[in-house]
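K.L.:
Sharing a sequence plus its predicted fold:
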Amino acid sequence: TTAPRVDQVFDLDGLLSDEERAWQQRARAFAQERILPIIEDDFEQRHFRRELVHELGAQGFLGMHLEGYGCAGAGAVSYGLVCLELEAADSGWRTFVSVQGSLAMSAIRRYGSEEQKQRWLLGMARGELIGCFALTEPQGGSDPAAMTTTARRDGDDWVIDGAKRWIGLASVADVAVVWARVDDPTGPEGENAAGEGGAAVRGFLVPTTTPGYAATPIEGKLSMRASVQCDVVFDGVRIPADAMLPEASGLSGPFGCLNEARYGIVWGAMGAARSCLEAALERSREREVFGRPIGANQLTQAKLADMLLELEKGILLALHLGRLKERGQLTPAQISVGKLNSVREALEIAHQARTILGGDGITSAYPVMRHAANLESVRTYEGTDEIHQLIIGRALTGLNAF
Ligand code: TGC
């Protein structure tokens, strides 16, 4: 008998609109034709393939959930499905789309002036310009409130000093969205530069050619090797007054963007999981041990069944969150449920798939170890498991454990 495609077992297609299916099919075709053939080599060689960025732009995937300025204005479920299909190929490329669309472009679209939107968004949507999102600092990512990077007013300019770490694409980016503490909340001439209520964290758009900006790719990564993450130093980076994002004041600014990126991960991690399950399933039907396919063994079937269970539950949860998001009802705690569950279960599926593949499972003949290694990054960025447990715990108990 022919095995059904794992994503057709529960007819999830039937829950989608024609437009959503079209986005998904386009992303699946792109992932299969443009990413899969090169990804093992790129991962091995630690190569970020810049030319694919234009192609992602031409497909309309960059900032696809945003309205106007060359963006497609697609629904949250369509965007999630694109994340799923790209991450089925590699988490690095879904991460690129998240950093560009959910973080950098979202920040400009939500909080930027009209002039800032006109200057940056169209080129970013087309993949002609790359953005990065500089929030996390070297001492750790979980507590952005402790950031030490500062922006101080000097005449008509802002001057930024400090350091950021683990910033995706920072060495290839054209513009960095930089979150910094405004050291003088009252600003020049008594103006409250920190915004209403004196909130001290503000966002700035820093062209990466600005003197004093230096991004260095982090070496020695065993995860996300087809993607770039950097240390970034800001040494007296001088930018004009109008480089500040006028509509973001306080940490709710960057957190608003993190919500978007975390939502994409809810879907994306399920793509990596699907790819692992598909590899294990196919192998279980071919590989014979003790005179029959290993897939005919009860223990193997139990593993496959459990993997399918978590995959389908994860996708259904993602779809539910997507529908809530489209109604404007999705809460940060619900996103935490999805992010925690999707990444945790995707990792478990990857590990189980590896056992079914036996020794071959540790080689690049199968995508499973690459996905497992990538998912370790996904587990840590955009809020660790523990941060999401504590966000959920706070929503449940009303008590803050931070
Ligand atoms: P607290 O400091 O009390 O609150 C600050 C303000 O932020 C608001 N807020 C949110 N707003 C929107 N969405 C959310 N999810 C929000 N969470 C908090 C909050 O209401 C408050 O607003 P206001 O107006 O009263 O000032 O923070 P908290 O106690 O609410 O949060 C604590 C905690 C631990 C949950 C938060 O710090 C957190 O989420 N930490 C994890 C941060 C994180 O995910 N870091 C990883 C960054 S990864 C990254 O940057 C991606 S880059 C990828 C790449 O470059 O490759």
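P.N.:
That came through fine.
K.L.:
For stretch 353-365, measure first residue to last.
P.N.:
Terminal residues of stretch 353-365 are spaced 13 Å apart (CA to CA, to the nearest Å).
K.L.:
Check the offset of it from the chain's centre.
P.N.:
Here the centre of stretch 353-365 is set off from its chain's centre by 26 Å, with CA atoms, centre = their mean, to the nearest Å.
K.L.:
Buried residues, it. List them.
P.N.:
Residues 353-354, 356-357, 361 are the ones in stretch 353-365 that count as buried (16 or more other CB atoms under 10 Å). Just so you know, the C-beta spots here come from the backbone N, C-alpha and C atoms, and that holds for glycine as well.
K.L.:
Just the ones in helices from the residues you listed, please.
P.N.:
Among those, the residues falling in helices (DSSP state H) are 353-354, 356-357.
K.L.:
Show me where the stretch 151-300 of the chain has its helices.
P.N.:
Along the stretch 151-300 of the chain, the stretches classed as helices by DSSP state H, counting those that start in this stretch are 252-286, 298-326.
K.L.:
Can you spell out which helices and strands pack onto the first one?
P.N.:
This points to helix 252-286. Counting contacts by 3 or more CB pairs under 8 Å, 6 or more residues apart in numbering; DSSP states H and E, helix 252-286 is packed against helix 76-89, helix 91-97, helix 106-111, strand 201-207, strand 292-293, helix 298-326, helix 332-357, helix 368-380.
K.L.:
Could you find the closest non-adjacent residue to residue 256?
P.N.:
residue 110 (6.3 Å; CB to CB, 6 or more residues apart in numbering).
K.L.:
Tell me who's in contact with the one you found.
P.N.:
247-248, 256-257 (CB atoms under 8 Å, 6 or more residues apart in numbering).
K.L.:
From residue 339, how far out is the closest residue in space to residue 84 that isn't next to it in sequence?
P.N.:
Distance criterion CB to CB, 6+ apart; nearest residue to residue 84, sequence neighbours excluded, is residue 271 at 3.9 Å. Going from residue 271 to residue 339 by CB to CB, to the nearest Å gives 14 Å.
K.L.:
Please apply the same query to residue 41.
P.N.:
From residue 41 to residue 339 the distance is 30 Å (CB to CB).
K.L.:
Just want to know which of these two has more residues nearby.
P.N.:
Between residue 41 and residue 339, counted using other CB atoms under 10 Å, residue 339 has the larger neighbour count: 30 against 12.
K.L.:
I figured that one hits residue 381, correct?
P.N.:
No: counting by CB atoms under 8 Å, residue 381 is not a contact partner of residue 339; they are 10.2 Å apart.
K.L.:
picking up where we left off before, looking at the helices of the stretch 151-300 of the chain, which is buried most?
P.N.:
helix 252-286 (a mean of 24; mean count of other CB atoms under 10 Å).
K.L.:
is any part of that one close to the ligand?
P.N.:
Yes: contact of helix 252-286 with the ligand is found when judged by CB under 6 Å from any ligand atom, involving 252, 255-256, 258-259.
K.L.:
Which member of those is positioned nearest residue 225?
P.N.:
Distances from residue 225 to the residues of helix 252-286 next to the ligand, taken as CB to CB, are shortest for residue 258 (23.9 Å).
K.L.:
pLDDT value on that closest one, please?
P.N.:
The model reports residue 258 with a pLDDT of 98.
K.L.:
In three-state terms, label the residue nearest to it when sequence neighbours are not counted for me.
P.N.:
Nearest in space to residue 258, with sequence neighbours left out and distances taken as CB to CB, 6+ apart, is residue 382 at 6.0 Å. Under DSSP: H, G, I helix; E, B strand; the rest coil, residue 382 falls in the coil class.
K.L.:
start at 24 instead
P.N.:
In the new count, where the first residue is 24, that last one comes out as residue 405.
K.L.:
residues touching the closest residue to the ligand within the stretch 174-323 of the chain, list them.
P.N.:
Nearest residue of the stretch 174-323 of the chain to the ligand: residue 191, at 2.4 Å (CB to the nearest ligand atom). Neighbouring residues of residue 191 by CB under 8 Å, 6+ apart: 118-119, 122, 155-156, 250-253.
K.L.:
burial of the closest residue to residue 402 other than its chain neighbours, as a residue count?
P.N.:
With sequence-adjacent residues excluded and distances taken as CB to CB, 6+ apart, residue 402 is closest to residue 366, at 4.8 Å. Other residues within reach of residue 366, judged by other CB under 10 Å, total 32.
K.L.:
So residue 366 is in contact with residue 293, correct?
P.N.:
No: using CB under 8 Å as the test, residue 366 is too far from residue 293 to be in contact (9.5 Å).
K.L.:
Could I get the contacting residues of residue 86?
P.N.:
Each residue near residue 86 by CB under 8 Å, 6+ apart is listed here: 92-95, 123-124, 128-129, 132, 144, 147-148.
K.L.:
Write out the residues of the stretch 274-423 of the chain neighbouring the ligand.
P.N.:
Near the ligand, when you scan the stretch 274-423 of the chain using CB under 6 Å from any ligand atom, you find 274-275, 278-279, 281-282, 355, 404-406, 410, 414.
K.L.:
any chance of these in TSV, plus distance to residue 317?
P.N.:
Output for these, formatted as TSV (distance: CB to CB, whole Å):
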residue	distance to residue 317
274	50
275	51
278	46
279	48
281	42
282	42
355	43
404	35
405	36
406	37
410	39
414	40
